[in-house]
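>>> Structure for the following, please:
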Amino acid sequence: MRLFVALWPSSQALRDLSRAEHKLRSAPGADRLRWAGDTGHHLTLAFLGEVPEETIPELIARLERAARRHKPMSLRLSGGGRFGDRTLWVGVEGDVAPLGRLADSVAAGARRTGIEMEDRAFRPHLTLARARPHRHTPLRPYTELLTDFTSREWTADHIDLVESHPPEPGTPGAQPRYETVRRWPLGH
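The predicted structure is shown next:
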């Protein structure tokens, strides 16, 4: 199973993001980007990749423990940025330090089950779009359009273990489908 652990913004925060994203998609060159789509908007705490079935029970137990150790947190989507000219994202504000500690706990739990995790610092963000291979699209103008963006605040009170199903091959614009495998409340 191809898995990741995520937080999902509230429906109000996603509506705010949708309005901002509409402006972005109307900007010149936006058709050259691969947009994540409304159903895919999440904050990835840890990307686990392909996880063998026999690892799942221990992973579930460790993620449940990690969730219990962290309290709900107040977050909001704000501003934007880019990873080079590859990925356009919207940032996160609020209880970012506790969010980072939660991400570290989730990653540590996954490592203890034998899952190899990338060793890079957690940068809270929500991916909006990716540049298409072989079609250079400067992303700086899009980040400038996000400068004043702020969503409504929401309380992140649970984490989800999510399975990613790849899009149908050969279907232009197809997006992966995400399915929650398990959900845990924070702080319980």
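
>>> Do a quick rundown of the helices in the chain.
With helices called from DSSP state H, the chain shows them at 11-25, 56-68, 96-112, 140-145.

>>> and the shortest one, which residues are buried?
Buried residues in helix 140-145, counting neighbours by 16 or more other CB atoms under 10 Å, are found at 142, 143, 145. Every C-beta, even on glycine, is put in place using the N, C-alpha and C of the backbone.

>>> The second one contacts residue 80, correct?
Yes - with the criterion set as CB atoms under 8 Å, residue 143 and residue 80 qualify as a contacting pair; they are 4.6 Å apart.

>>> Which neighbours do those two have in common?
By CB atoms under 8 Å, 6 or more residues apart in numbering, residue 143 and residue 80 have these common neighbours: residue 88.

>>> sorry, back to before: closest to residue 37 out of the helices of the chain?
helix 11-25 (9.8 Å; CB to CB).

>>> Could you dump the helices of the chain into TSV with mean pLDDT and distance to residue 133 added?
Putting those into TSV (pLDDT from 0 to 100; distance: least, CB to CB, whole Å) gives the following:
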stretch	mean pLDDT	distance to residue 133
helix 11-25	94	20
helix 56-68	97	32
helix 96-112	97	28
helix 140-145	94	18
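
>>> Just checking, which helix or strand of this structure averages the lowest pLDDT?
strand 33-35 (a mean of 89; mean pLDDT, DSSP states H and E).

>>> Tell me which residues are up against stretch 26-35.
Residues from elsewhere that reach stretch 26-35 (CB under 8 Å, 6+ apart): 21, 24-25, 88, 128-132, 135, 137-138, 141-142, 145, 173.

>>> Return the member of those residues nearest to residue 158.
For these, the nearest to residue 158 is residue 128 (23.1 Å; CB to CB).

>>> ok, so of the buried residues of helix 140-145, who is nearest residue 112?
Distances from residue 112 to these, taken as CB to CB, are shortest for residue 143 (36.7 Å).

>>> ok, now how distant is that closest one from residue 41?
Using CB to CB, to the nearest Å, we find residue 143 at a distance of 17 Å from residue 41.

>>> now swap in residue 35 and tell me
Look at residue 35 and residue 41: by CB to CB, they are 10 Å apart.

>>> Repeat that for residue 15.
Residue 15 is 11 Å from residue 41, by CB to CB.

>>> just residue 101 next, same as before
Residue 101 is 23 Å from residue 41, by CB to CB.

>>> Compare these two and say which is more crowded by neighbours.
The neighbour count for residue 101 versus residue 41, taken as other CB atoms under 10 Å, is higher for residue 41 (20 against 16).

>>> can you pull up the bridge partners for the residue nearest to the spatial centre of the chain?
Geometric centre of the chain, nearest residue: residue 43, 2.7 Å, by CA atoms, centre = their mean. Under DSSP bridges, the beta-bridge partners of residue 43 are residue 7.

>>> residue contacts, the residue lying closest to residue 64 once chain neighbours are set aside?
Of all residues not flanking residue 64 in the chain, residue 184 sits nearest, at 5.2 Å (CB to CB, 6 or more residues apart in numbering). By CB under 8 Å, 6+ apart, the contact set of residue 184 is 63, 64, 67, 68, 158, 159, 160.
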